[in-house]
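**Student:** here are the coordinates; sequence isn't available:
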């Protein structure tokens, strides 16, 4: 697989910046960021990322709704909460999988993409 092009969707600007820096240091390409569903849909249509890393809790919005809206883009849900908290919802969603934010890394993203 070529280097994945990523879109980061999170309502925290600080987290988006930190995740971008960490993923880019690890060799992934971050093509853009978004803070809500509308921005994510626009960015995905314009930038055509291979994967969107979507926070489950987007303030007033749900990352599960973003996952539904991003047709044609692989979605990995991320959260500070444990995977067990969302296991049934992740399984029922179109998302490729789930990563805890503390475990987010270029290798983890690549492994989930290669598992599909």
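**Tutor:** Sure thing, it's come through. As the structure is a computational prediction, the values presented were derived from the model and not from experiment.
**Student:** Could you report the pLDDT at residue 1?
**Tutor:** With respect to pLDDT, residue 1 has a value of 57.
**Student:** Residue 19: what's its closest spatial neighbour, skipping adjacent residues?
**Tutor:** Closest residue in space to residue 19, ignoring its immediate chain neighbours: residue 8 at 5.2 Å, by C-beta to C-beta, 6 or more residues apart in numbering. Where C-beta positions appear, they are placed from N, C-alpha and C, glycine not excepted.
**Student:** which outside residues touch the helix or strand where that neighbour lies?
**Tutor:** Per DSSP states H and E: residue 8 is located in strand 5-9. Contacts to strand 5-9, defined as C-beta atoms under 8 Å, 6 or more residues apart in numbering, come from residues 16, 19-20, 23, 28-36, 39-40, 43-44, 47-55, 58, 63, 66, 73, 109.
**Student:** Could I have the PyMOL command that selects the buried members from those residues?
**Tutor:** Applying 16 or more other C-beta atoms under 10 Å to the contacts of strand 5-9, the buried members can be selected in PyMOL as follows:
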select buried, resi 16+19+20+23+28+30+31+32+33+34+35+36+40+43+44+47+49+50+51+52+53+54+55+58+63+66+73+109
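**Student:** Inside strands: which ones of the contacts of strand 5-9?
**Tutor:** Among the contacts of strand 5-9, DSSP state E puts 29-34, 51-55, 58 in strands.
**Student:** is the residue nearest to residue 19 in a bridge, and if so with what?
**Tutor:** For residue 8, the beta-bridge partners under DSSP bridges are residue 33, residue 53.
**Student:** longest single helix anywhere in this structure?
**Tutor:** Counting residues, the longest helix found in the chain (DSSP state H) is helix 13-25.
**Student:** residues in contact with that one?
**Tutor:** Contacts of helix 13-25 (C-beta under 8 Å, 6+ apart): 6, 8, 10, 30, 33, 35, 53, 55, 101, 104-106, 109.
**Student:** returning to what we had before: okay, angle between the strand holding residue 8 and helix 13-25 too, please.
**Tutor:** Using axes from the mean of the first three to the mean of the last three C-alpha atoms, to 10 degrees, the direction of strand 5-9 lies 170 degrees away from that of helix 13-25.
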